[in-house]
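# Just need the structure, nothing else, for what follows:
(chains A, B and C)
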Amino acid sequence: MIKLDAKIPEGPMAEKWTKHKFNVKLVNPANKRKHSVIVVGSGLAGASAAATLSELGYEVDCFTYSDSPRRAHSIAAQGGINAAKNYPNDGDSVYRLFYDTVKGGDFRSREANVHRLAECSNLIIDHCVAQGIPFAREYGGYLDNRSFGGAQVSRTFYARGQTGQQLLIGAYGALSKEINKGGVKMHTRCEVIDVVVVDGQARGIISRDLVTGELTRHSADAVVMATGGYGNVFFLSTNAMNCNASAAWRAYKKGAAFANPCYTQIHPTCIPVHGEYQSKLTLMSESLRNDGRIWVPKEKGDKRPANQIPEEERDYYLERKYPSFGNLVPRDLASRNAKIVCDEGRGVGSTGQAVYLDFADAIERLGKDNIEAKYGNLFEMYNRITDEDPYTTPMMIFPAVHYTMGGLWVDYNLMTTLPGLYALGECNFSDHGANRLGASALMQGLADGYFVLPNTINDYLASTKLEKVSTAHEAFAEAEKHAQDKLDKLLAVNGDRTVDDFHKELGLLMWENCGMSRTEEGLKEALRKIPKIREEFWKRVNVPGSADDLNQALEKANRVADFMEFAELMVKDALNRSESCGGHFRAESQTEEGEAQRDDKNFAYVGAWEFQGLENEPVLHKELLEFEEVKLTQRSYK
Amino acid sequence: MKNNSTWLSSIGQKLLLATSGLIMFLMFLIPHMGGNILFLFGPEMFNSYAMHLHQLVPVVIGIEVLMLISISVHMFMGFRVVLANKKASDKRHSQKSSKERSLAAKLMPVSGGMIFIFIIKHLLDFTFKAKEQVDMHGHMANDVYGMVLARFQDPVHVIFYVLFMVAVGLHLSHALQSSLQTYGLYIPREGSKIKLVSMLVAIAMASTFAIIPIIAFIR
Amino acid sequence: MSNTINLTLKVWRQSKDEEGRFETYQANDVDTDASFLEMLDVVNEELTIKGVEPIAFEHDCREGICGCCGTLVDGKTHGSHERTTLCQLHMRKFKDGETLAIEPFRAHPFKVLKDLIVDRSGLDAIITAGGYVSVKTGNAPEASTTPIKKADAEAAMDAAECIGCGACVAACPNGSAMLFTAAKVSQYALLPQGHPERTERVKNMVNMMDALGFGNCSNEYECAVACPKGIDVKNIARLNREFIKANLKKA
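Purely as a prediction, here's the structure:
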């Protein structure tokens, strides 16, 4: 049985990190060369960690399933990255960023981690500017900031609508620099399909070369997971097609606890689903809600085109229900309310699963040119996808899965419950609680990779006895055999349904029963259905081709097989947490006005699940959340 | 890793190509055109030009050596670039170029090759040929004018010369602007004045050269 | 309004150690609101059920930023010339009854791995040779220490938008990676952070580009037309200047 020890340092909140850096054990420079670290993933967290560890002198192996580290989905983040620089002189501080993030997360994150994140935020901006990232600047030549949801200050740094791209390319540059020096060995088109545990410590991985299909064993002194989130369990999400939970799920099965899997973020402004063929959803920046007005017809089943519905027959439901915040309520509220009106039968578009985001008033008030200057690229993107002109016809939007706050449980050092195994970025659970604020994901990925892990991993490496482990060790042989067997089994089914077909079925079930609004009944139904789908999958899936070739169907099948298992844990967690908090809305737990009702007495904890074998119930461990600095309050946006 | 010297790197090769080309353009093609224009003013003027040119032996030899070097470098680099590019582009089955790619650019190796053939023929036609003597105010001089006139009585020759001047025009129209871009001058895709000037100069030069055989034929 | 069309696809199929060939498939009842890749998804689903191995093609984000996708469609990179990646190209751009040739991005350094997937690791190698600022984590001064002219920051951003898809190489008649290399060299040439390594950067990157067998730039601008992010050829001119300056310094 594992025991959760968050290892939060003693002392006042603002001094914890500084003290901790002094207290951890160090590895002397000459010895660093003797330590090897495996980094799984090359997104913001993975690339920054691999580069920085190599700069320090560790021998690093970095893995990505993409053809290049630059493809990681961090690249798709649009809006920006938060930092407490207070350049606009509007009262920002490390403390305020910390406070906003804890509150935004609906009081379900670990205070000490969030404070450290806020402290690191400024270092990130310094570092990224030094890397030559072309952040937006004012005419005076100084850095520009914009505003984002959940904060009353302007603290978001940005590079046009491609901040994630620029930060990732920066981290990729740092990684390339270390590859050039020989400190990092990069393994591209190489998927990590298992974690190897020797004597209770994470000591290596099994990887599959996606071109040749070859399975390879790699040993190291520590393994770092930076594999992103599990949003693709829903099939349709704003995640990239290849994002998956497999590596994290393998780690869970090898002893790392999985925390808060039910926390998912549903982003309110995405382009709605068009048809059966739809493969993914596209996000439209949150900033659109600054000027767009959200509405649906008052009457059920009103199929008239938007411009034929008179003003008095429109329901601007966010403005009606939340007069003080209006269209700018937080993401979770905006999403949930869109679902409510669509469930009432007032949704628009061919599927009835959309609401209008109307710019007519803004265009009349500010002029078309002004709107174009502000949102031109977004309007163009919308037009390209839907073939509709948002200047004349209201946009149609609908919420979509966007980010997952849950992940592998980590202590203050970012180590999971499996010694020697670390988790960074979206892959861990620690900083965003039950809801992530905009422009915080990039901040967390880079804080973990550039500044946190390189200062905490030494504590483990210096204080742990790490015998040399050969890849001939039986644990490696066993893991490799297990991986090979699974691939062979997938190929052998030779059924009559495609992998995507199953993935869509699972995704739809998860969306209906474990999506924006969850009920005990729906969750229990999902728990009955998921094992059946999984059983069907292993009986009827068709994976063409062979295992010793580039085989995309096999890659996908291997990932979907893991989602089939993961989904069950996610639903169990959602069922267990009978309160509503942040992105997790349990219909049973709402206020009279239909708002999320937290239950701090019973649920102010991190729910970390321990694997007990597939046929057994996982064990729930609770890390109680103590709030020294921030007072727990019910959020109100009326 | 193969480590190319600066001049054999991709940009270095292009710089040598551009530089040798520009030397030939400035030091040879323009003066040559100037000389040719004198043909239009009759035998007196043209032959006298030829005679004076011969009196400047050291300069002529200097330019000839420079031309020899330039043409060698230009051809050597041209071959290298074309071969490397052919290899790099690999086999493409359905590839279509956009409107962006001009015919001139596409035909650079062809027009270059044609120009080389032309130069050989041109040298055989006029430079390495015994010349009739003519009396120039008491001096005996080569009757270059008569030679040109005689040569272009044959319409096949006229057509050959005019055709090859089209190659010169095509080559120049891409070469002039492209060499400037190689030197780092920004030439925009659309509405570039340099592109236009390059084209006009090429047309003007090719026409001027081409008009000589035609006039000679008519005379 | 959404519509359906029928298409004939001539798709390049190539397995390991094979020459490769075009195979013809029908794509029927294609929804015109679908993206090009979603159309391929549907074709692949049908192929799988028929027992034919699906067409391998690279893709990931499907919102035009990761740079994974890209094939020649009827001889044009990403299928069209309007600053579009293949994943953002929608089927309403095609006509009912059309025949489309779908072929991988080709260049000597882009080896075909399978069907439409090519090896673009050469582009990474060019970046590895010097496409970054060598600053170690922890070295950075306060971010606002050096003001940078807005125009320079914008121009650097114009160049930095490159997604590394390789369309420029595939569209170039010479298989040259000049636009790709130029974009990165330009970004750092425009910003003061890039200046200390300026000379070495351009030399090393060009050298790597050559060593990998990419072709020469013959200033024909096909790359700029093909670029889904609209990276301009002015960057190539800047690369040439940087290269000349770097070598003059040595001399």
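
# check contacts around residue 96.
Answering for chain A, as no chain was given. By CB atoms under 8 Å, 6 or more residues apart in numbering or on different chains, the contact set of residue A:96 is A:84, A:153. Using the backbone N, CA and C atoms, a C-beta is placed for each residue, glycine as well.

# let's do chain C instead
So residue C:96 contacts C:5, C:6, C:7 (CB under 8 Å, 6+ apart).

# partner residues bridging the last one?
Spelled out, it's residue C:7. On the basis of DSSP bridges, residue C:7 takes part in beta bridges with residue C:27.

# And it, what's its pLDDT?
Here the pLDDT value assigned to residue C:7 is 97.

# Quick check: it touching residue C:101?
No. At 11.4 Å, residue C:7 does not count as touching residue C:101 under the criterion of CB atoms under 8 Å.

# Where do the strands of the stretch 1-150 of chain C begin and end?
With DSSP state E, counting those that start in this stretch, the ranges of strands along the stretch 1-150 of chain C come out as C:4-13, C:21-31, C:72-73, C:76-77, C:99-103, C:112-114, C:117-118.

# Adding mean neighbour count, write the ones you listed out as a markdown table.
A markdown table is the format used below for the strands of the stretch 1-150 of chain C (neighbours: other CB atoms under 10 Å in any protein chain shown):
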| stretch | mean neighbour count |
| --- | --- |
| strand C:4-13 | 17 |
| strand C:21-31 | 15 |
| strand C:72-73 | 24 |
| strand C:76-77 | 26 |
| strand C:99-103 | 19 |
| strand C:112-114 | 22 |
| strand C:117-118 | 25 |
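
# Switch these over to TSV; also include distance to residue C:194.
Formatted as TSV, these follow (distance: least, CB to CB, whole Å):
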stretch	distance to residue C:194
strand C:4-13	39
strand C:21-31	44
strand C:72-73	34
strand C:76-77	29
strand C:99-103	37
strand C:112-114	33
strand C:117-118	30
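
# quick check, nearest of the contacts of residue C:96 to chain B?
Set against chain B, the nearest of these by CB to the nearest CB is residue C:7 (15.1 Å).

# need the contact list for that closest one.
Contacts of residue C:7 (CB under 8 Å, 6+ apart): C:26, C:27, C:28, C:30, C:39, C:94, C:96, C:97, C:98, C:99, C:100.

# Relative to residue A:599, which of the contacts of residue C:96 is nearest.
Within the contacts of residue C:96, proximity to residue A:599 (CB to CB) peaks at residue C:5, which comes in at 53.7 Å.

# Now compare the contacts of residue C:7 and name the two farthest from each other.
Within the contacts of residue C:7, C:39 and C:97 form the most distant pair, 14.8 Å apart (CB to CB).

# Name the residue in these two with the higher neighbour count.
Each of residue C:39 and residue C:97 has its neighbours counted (other CB atoms under 10 Å in any protein chain shown); residue C:39 has more, 23 against 9.

# what sits against the nearest residue to the more buried one once chain neighbours are set aside?
In space, and not counting its chain neighbours, residue C:39 is closest to residue C:30: 5.1 Å by CB to CB, 6 or more residues apart in numbering or on different chains. Contacts for residue C:30 (CB under 8 Å, 6+ apart) come out as C:4, C:5, C:6, C:7, C:39, C:42, C:91.

# Up against chain C, what does the stretch 501-638 of chain A have?
Within reach of chain C by CB under 8 Å from any CB of the partner chain, the stretch 501-638 of chain A has these residues: A:501, A:542, A:544, A:545, A:549, A:550, A:552, A:553.

# distance of the fifth one from residue A:217?
It stands for residue A:549. Residue A:549 sits 21 Å away from residue A:217, going by CB to CB, to the nearest Å.

# quick revisit: looking at the strands of the stretch 1-150 of chain C, which is nearest to residue A:312?
Closest of the strands of the stretch 1-150 of chain C to residue A:312 is strand C:21-31, at 35.9 Å (criterion: CB to CB).

# domain assignment for chain C?
What automatic domain parsing lists as the domains of chain C is C:4-113, C:120-250.

# For the top helix by length along chain C, give the mean pLDDT please.
What stands out as the longest helix in chain C, according to DSSP state H, is helix C:234-250. The average pLDDT within helix C:234-250 is 93.

# hmm, that helix in reach of chain A?
No. Figure legend: helix C:234-250 not in contact with chain A (CB under 8 Å from any CB); closest approach 13.6 Å.

# which phi and psi does residue A:195 have?
When read as degrees, to the nearest 10, the backbone of residue A:195 gives phi -110, psi 140.

# Please report the distance of the closest residue to chain C within the stretch 151-300 of chain A from residue A:70.
Closest to chain C within the stretch 151-300 of chain A is residue A:173: 3.0 Å, counting by CB to the nearest CB. To residue A:70, residue A:173 is 9 Å away according to CB to CB.

# can you give me the strands in the stretch 151-300 of chain A?
A:156-157, A:184-187, A:190-198, A:201-209, A:215-219, A:222-225, A:258-259, A:264-270, A:293-297.

# do the same with chain B
For chain B, strands defined by DSSP state E occupy the ranges B:133-136, B:139-142.
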